[in-house]
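Visitor: Show me the folded form of this:
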Amino acid sequence: MPSPPTPKNSRARAAALLCAASVLAVPTPTAPAPTAPAPTDSRPSWTAAPAPGGRKAPTAEDRSSFYLEGASGSVLEDKLTVVNPGDRRLTVELSGSDPWISLAAGRVSVPPRTRADVPLTVTVPAGTAPGDRSAAVTASGDGRRVRVPMAVRVAGTAFAALSVEHVRVSGTGRDTVIHYALVNRGNTTLAPRLTIRAEGLFGQVLRREAAGVPAALAPGESVRLAERWPEAPRLDRVAVRVSATTPDGTRAAASGAYTPLPWLAPVLAGAAVLVAAGAAVRLVRRRRAARS
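Guide: Numbering: from 1, shown residues only. Now for the predicted structure:
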């Protein structure tokens, strides 16, 4: 018959069982779950461009812009294509930048993975002068705005004509300003370059290129310009001349008078006459002395 366990053996066995239980209770470490990537919008963007197979510029093969040509009074036709490569319906607002442009619809709804062709016309008003015009068709939708450029050439004989007008000078001293107007009287766009000169009673007092001249002046366009002249003479009678030229050789010029102190003009004119008379007298005396 086995002997009953002693208290010492009982305590040792209880400690061993407790240790085994604690080991089994410790959770086994596991690898952290992978973090899901942040969602991204992979939907392709919609596009708007001239429809394939429409009118093209003589030297351009792409259709990133419209090119239309016709005489005054004609109606020119083309199409705008809106492509929706996404997976949901797209609604786009359409508009033209010029009254000449008329779209068949101001709004178009394009189903997923589909394209829509929107006819448009350009009506050239009767009597329009020959030359080039710039415009655009704009499409807006789904937070985007696409501008499609348009070039319209009105057929006919082109001619360049430019004029400089209303040259005048205001103010005195550091507040002197030269004013003038520049007008494109032809039917082609011009890129003028201007020079300003001023001649006083005793010689040239100003010669420089004008600032602030527009890079391009459209047919019929008129601009008024001002040129500061802080170094203008205070005691002189000056003739200011504004001259304009373009790369194609078109020229124009106009002049204006300037006297900072009006009451001084007769005095300066008299002084100039006296100086000229004195020079003439001296010349005559030299000639007489040379003959004797």
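Visitor: Can you pull out the low-pLDDT segments for the protein?
Guide: For the chain, applying pLDDT under 70 flags the ranges 1-43, 53-62, 262-275, 277, 292.
Visitor: middle-most residue in this protein, spatially?
Guide: The geometric centre of the chain, computed from its C-alpha atoms, lies nearest to residue 215 (C-alpha atoms, centre = their mean), at 10.2 Å.
Visitor: A strand includes that residue, no?
Guide: No - going by DSSP: H, G, I helix; E, B strand; the rest coil, the assignment for residue 215 is coil, not a strand.
Visitor: Who are the contact partners of it?
Guide: residue 191 (C-beta atoms under 8 Å, 6 or more residues apart in numbering). Backbone N, C-alpha and C define where each C-beta goes, glycine included.
Visitor: Apart from its chain neighbours, what residue comes closest to residue 257?
Guide: residue 239 (5.8 Å; C-beta to C-beta, 6 or more residues apart in numbering).
Visitor: same question but for residue 110, I mixed them up
Guide: Using C-beta to C-beta, 6+ apart, the closest residue to residue 110 is residue 84 (4.0 Å).
Visitor: give me the number of residues near residue 184?
Guide: 24 (other C-beta atoms under 10 Å).
Visitor: Verify the contact between it and residue 161 for me.
Guide: Yes - here residue 184 reaches residue 161: they are 7.4 Å apart, a contact under C-beta atoms under 8 Å.
Visitor: give me the element residue 256 is part of.
Guide: Using DSSP states H and E, residue 256 maps to strand 251-258.
Visitor: what's the answer for residue 281, then?
Guide: Going by DSSP H and E, residue 281 is in helix 264-291.
Visitor: Can you point out the buried residues in stretch 227-235?
Guide: Residues 227, 229, 232-233 are the ones in stretch 227-235 that count as buried (16 or more other C-beta atoms under 10 Å).
Visitor: one step back: let me see the contact set for the residue nearest to residue 257.
Guide: Here residue 239 is in contact with 198-199, 255-258 (C-beta under 8 Å, 6+ apart).
Visitor: which residues of the stretch 51-200 of the chain fall in strands?
Guide: Taking DSSP state E, counting those that start in this stretch, the strands of the stretch 51-200 of the chain run over residues 66-70, 75-84, 90-96, 101-103, 107-110, 114-123, 131-141, 144-154, 162-170, 177-184, 193-200.
Visitor: any idea of the angle the second one forms with strand 66-70?
Guide: Right, strand 75-84. Strand 75-84 runs at 170 degrees relative to strand 66-70, counting by axes from the mean of the first three to the mean of the last three C-alpha atoms, to 10 degrees.
Visitor: same check, this time on the third one
Guide: Interaxial angle, strand 90-96 versus strand 66-70 (the same axes, to 10 degrees): 40 degrees.
Visitor: which other residues reach strand 90-96?
Guide: Against strand 90-96 from outside (C-beta under 8 Å, 6+ apart): 46, 48, 80, 82, 84, 102-103, 105-110, 112, 118, 120, 135-142.
Visitor: What of stretch 191-199?
Guide: 162, 164, 178, 182, 204-210, 213-217, 227, 229, 232, 238-247, 258.
Visitor: for stretch 118-129, same thing?
Guide: Contacts of stretch 118-129 (C-beta under 8 Å, 6+ apart): 68, 70-82, 94, 96, 100-105, 108, 135, 137, 150, 152, 154, 156, 187, 219-220.
Visitor: Quote the end-to-end distance of that stretch.
Guide: Length of stretch 118-129, first residue to last, C-alpha to C-alpha, to the nearest Å: 29 Å.
Visitor: From residue 75, how far out is the residue nearest to residue 257?
Guide: For residue 239, the distance to residue 75 (C-beta to C-beta, to the nearest Å) stands at 52 Å.
Visitor: again with residue 91
Guide: Distance from residue 91 to residue 75, by C-beta to C-beta: 28 Å.
Visitor: so how many other residues sit close to the residue lying closest to residue 172 once chain neighbours are set aside?
Guide: Among residues not flanking residue 172 along the chain, residue 260 sits closest, at 4.5 Å (C-beta to C-beta, 6+ apart). Under the neighbour criterion other C-beta under 10 Å, residue 260 is assigned a count of 18.
Visitor: does residue 260 sit in a helix, a strand or a coil?
Guide: coil.
Visitor: The contacts of stretch 191-199, buried ones only, as a PyMOL selection?
Guide: To isolate the buried subset of these in PyMOL, counting by 16+ other C-beta under 10 Å, use the following:
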select buried, resi 162+164+178+182+205+206+210+213+217+227+229+232+238+240+241+242+243+244+245+246+258
